[in-house]
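S.K.: Below are the sequence and a predicted model for it; my questions follow.
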Amino acid sequence: MNIVISLGIEGTAEKTGIGIVNSNGNVLAMAGEQLYPEEGGIHPRIAAEHHAKWIPKLIPEAIKKAGITYDDIDLISFSQGPGLGPALRAVATSARTLSLSLNKPLIGVNHCIGHIEIGKLDTGAVNPVSLYVSGGNSQVISYESGRYRIFGETLDIAIGNCLDQFGRETGLGHPGGPVVEKLAQNGNYLNLPYIVKGMDFSFSGLLSAALRLYEKGSKIEDISYSLQENAFSMLVEVTERALSHTQKDEVMLCGGVSANKRLREMLAIMAEEHGAEFYLPEMKYCGDNGAMIAWLGLLTYDAFGPIAIKDSEIIQRFRVDEVDVPWVDNTKRILKLPDNILAKGAESNIVKSSYFNTETISKVRISKKYRIKEIDNKIIKSRTKSEAKLLSDIKASGVLAPILYDVDLESKTILMEKIEGNLIKDVINKDNSKKLGISIGNQIAKFHNSDIIHGDITTSNIILNNDNKIVFLDLGLGKYSNLIEDKASDLLVLKTSLETIDNKISKETFEHVLNSYCETSNIPKKQILNKLDEIEKRARYTH
């Protein structure tokens, strides 16, 4: 078998990188320069000029390091997106020029998948749930049904951007992450918002609250500590939710923010608590680099062949769930739970119990070792109280949910009815998707009409019981709200969850959900559709 050599060009933001990798998975060379603006954030035009200056210098440097000639190169790979438009165009132009001048095939790849694949290559991870965190991206990603799926992501700004903005606004400089990490080592906790919405997280409100504390004169060390602990706890919680949902046994951290030792520690603790392996690539592979583009180029080229020059346009908002990845090994090793535990969720153990000779279950909220006590106690107490009330109120709206028998705030335990049946994710198929979609949409509209927000409507939190009726579980992230924004967000959590099943089934099912919802909802259909479209178009996934 011939060994293929790929040269990769990376430049989605401020970093210029060239990498050379062969089809045996050997990284032959890496070369790169990094731009750190003295003031403000990354300027797209300056970043593009930086790439245009350095790419012609770094390519011969990488060729020399690899000990090869230009004739030895078999493939030119480049970051096609996502990223800053001018920066991506500079990279694409360089890649096209090199491809034409050397008469070598061209392949454009997804930058984010590059981080995952180089991480897997470096660590030996097979099929992990990946937390990808950088200046422009904050996502929880895992493979399902032929593609990498986004199980959770930021609703506004990325974690790296959040830390950098904090650094700029407080005079700490850019990048802010390393300075915040250092200051946090000598800080104490101050109360800040903790914002997890279903499988997504939000950092803009947390950032604003941190900056208000700074304006009021709070110690910068205390603010840095509290900002970091809240932000990272949110990231790890959503990763834990994805791990629980997929039942995989590998967790991987990738992206530039993975340099933070506290984030590494928290994610490793969470993985250990779930009996999962934790993987962290070498730091040279965590930041943006050319090797990840070269390696993904090889995988993509082997599966699909090269692209034509006319198809090499940049894709500024290039989502990982738009890309088929047939090379992924979908090995899953389901963890065996102790006999007394029916299920292990992201924040609770579901334990067999009884109530007056009736078989029941107990939802026991477990303290998380990765979270500091101030955050952990606040979350557990508030969610236990809130869920108990919501369980009663959702039934009053005409929707099936487990009967609540008892609540113990001291042990953070809710005793409830055991529902016999199957999770929607395990039973939905092309034959029943219409019927299930209509029923689910109707039921969601009923509790939304009572201003109840579920907060985590995934296919793991809906059961089809033995009477073929829909039952909603796990209202731990629920709340009361009459805002269309919150109701639309509830629906989008379900949409994202359905997308992890099958492309065609998920699309058709959500259409039935939405049509049924609009027929029952007291909100005009146009308002719902407009709000769904507005939320989905927000700039979440760009540098």
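M.R.: That came through, no problem.
S.K.: Double-check residue 402 against residue 471; I have them as touching.
M.R.: Yes. Between residue 402 and residue 471 there is a contact at 7.3 Å, judged by C-beta atoms under 8 Å. Every C-beta, even on glycine, is put in place using the N, C-alpha and C of the backbone.
S.K.: between the two, who's got more neighbours?
M.R.: residue 402 (23 against 20; other C-beta atoms under 10 Å).
S.K.: any idea how far the more buried one is from residue 427?
M.R.: Distance check for residue 402 against residue 427: by C-beta to C-beta, to the nearest Å, it reads 19 Å.
S.K.: Now list whatever residues contact both of residue 402 and residue 471.
M.R.: Counting by C-beta atoms under 8 Å, 6 or more residues apart in numbering, the shared contacts of residue 402 and residue 471 are residue 419.
S.K.: if you go through the stretch 251-400 of the chain in chain order, where are the strands?
M.R.: 277-279, 341-344, 348-355, 358-365 (DSSP state E, counting those that start in this stretch).
S.K.: same for the first one, what does it pack against?
M.R.: The reference is to strand 277-279. Judged by 3 or more C-beta pairs under 8 Å, 6 or more residues apart in numbering; DSSP states H and E, strand 277-279 is in contact with strand 250-254, helix 261-273.
S.K.: Outside of the longest one itself, list whatever touches it.
M.R.: What it means is helix 261-273. Applying C-beta under 8 Å, 6+ apart, the contact partners of helix 261-273 are 131, 133, 181, 184, 228-229, 232-233, 235-236, 239-240, 243, 251, 253, 257-258, 277-278, 280, 368-371.
S.K.: rewinding a little: can I get the strands of the stretch 251-400 of the chain in TSV including distance to residue 433, mean pLDDT and mean neighbour count?
M.R.: As requested, these are arranged in TSV below (distance: least, C-beta to C-beta, whole Å; pLDDT from 0 to 100; neighbours: other C-beta atoms under 10 Å):
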stretch	distance to residue 433	mean pLDDT	mean neighbour count
strand 277-279	34	97	20
strand 341-344	24	77	16
strand 348-355	27	87	17
strand 358-365	28	90	19
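S.K.: any idea how far the residue nearest to residue 451 when sequence neighbours are not counted is from residue 449?
M.R.: Once flanking residues are discounted, residue 451 sits nearest to residue 482: 4.7 Å by C-beta to C-beta, 6 or more residues apart in numbering. For residue 482, the distance to residue 449 (C-beta to C-beta) stands at 10 Å.
S.K.: cool, and residue 297?
M.R.: In terms of C-beta to C-beta, residue 297 sits 51 Å off from residue 449.
S.K.: more neighbours, those two?
M.R.: The neighbour comparison of residue 297 against residue 449 (other C-beta under 10 Å) goes to residue 297, with 31 against 15.
S.K.: on that earlier part again, right, and the strands of the stretch 251-400 of the chain - which one's nearest residue 10?
M.R.: Closest to residue 10 of the strands of the stretch 251-400 of the chain is strand 277-279 (C-beta to C-beta; 21.4 Å).
S.K.: what sits up against the closest one?
M.R.: Residues outside strand 277-279 that contact it (C-beta under 8 Å, 6+ apart): 119, 123-125, 128, 249-253, 267-268, 271-272.
S.K.: need the residues you listed in CSV with distance to residue 191, can you?
M.R.: Output for the contacts of strand 277-279, formatted as CSV (distance: C-beta to C-beta, whole Å):
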residue, distance to residue 191
119, 35
123, 37
124, 41
125, 37
128, 34
249, 35
250, 35
251, 29
252, 32
253, 27
267, 24
268, 26
271, 28
272, 28
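S.K.: between those residues, which is nearest residue 383?
M.R.: Among the contacts of strand 277-279, residue 267 lies closest to residue 383 (C-beta to C-beta), at 21.3 Å.
S.K.: Now do that closest one against residue 5, distance only.
M.R.: From residue 267 over to residue 5 (counting by C-beta to C-beta), the distance is 34 Å.
S.K.: of these two, who's got more company?
M.R.: A side-by-side neighbour count of residue 267 and residue 5, using other C-beta under 10 Å, places residue 267 first with 25 against 21.
S.K.: Would you state the helices of the stretch 101-250 of the chain in chain order?
M.R.: Using DSSP state H, counting those that start in this stretch, the helices of the stretch 101-250 of the chain run over 111-123, 159-169, 177-184, 204-215, 220-246.
S.K.: For residue 472, give me phi and psi.
M.R.: Main-chain torsions, residue 472, degrees, to the nearest 10: phi -100, psi 130.
S.K.: Can you give me the neighbour number for the nearest residue in space to it that is not next to it in sequence?
M.R.: Ranked by C-beta to C-beta, 6+ apart and with sequence neighbours excluded, the top spatial neighbour of residue 472 is residue 401, at 5.2 Å. When neighbours are counted by other C-beta under 10 Å, residue 401 registers 24.
S.K.: Likewise for residue 222?
M.R.: By other C-beta under 10 Å, the residues close to residue 222 number 17.
S.K.: Might you report the residue contacts of the residue lying closest to it once chain neighbours are set aside?
M.R.: Leaving aside its chain neighbours, residue 222 sits nearest to residue 187 (4.5 Å; criterion: C-beta to C-beta, 6+ apart). Contacts of residue 187 were listed using C-beta under 8 Å, 6+ apart, and they are 219, 221, 222, 223, 224, 225, 226.
S.K.: try residue 457
M.R.: If a contact means C-beta under 8 Å, 6+ apart, then residue 457 has 198, 444, 472, 490, 491, 493, 494, 497 as its contacts.
S.K.: One more: residue 517?
M.R.: Residues near residue 517 by C-beta under 8 Å, 6+ apart: 441, 442, 444, 445, 448, 491, 528.
S.K.: mind running it again at 10 Å?
M.R.: 437-438, 440-446, 448, 487, 490-491, 494, 510, 523, 525, 528 (C-beta atoms under 10 Å, 6 or more residues apart in numbering).
S.K.: Repeat that for residue 433.
M.R.: With C-beta under 10 Å, 6+ apart, residue 433 has these contacts: 498, 501-502, 504-513.
S.K.: In strands, which of these fall?
M.R.: Among the contacts of residue 433, no member falls in strands (DSSP state E).
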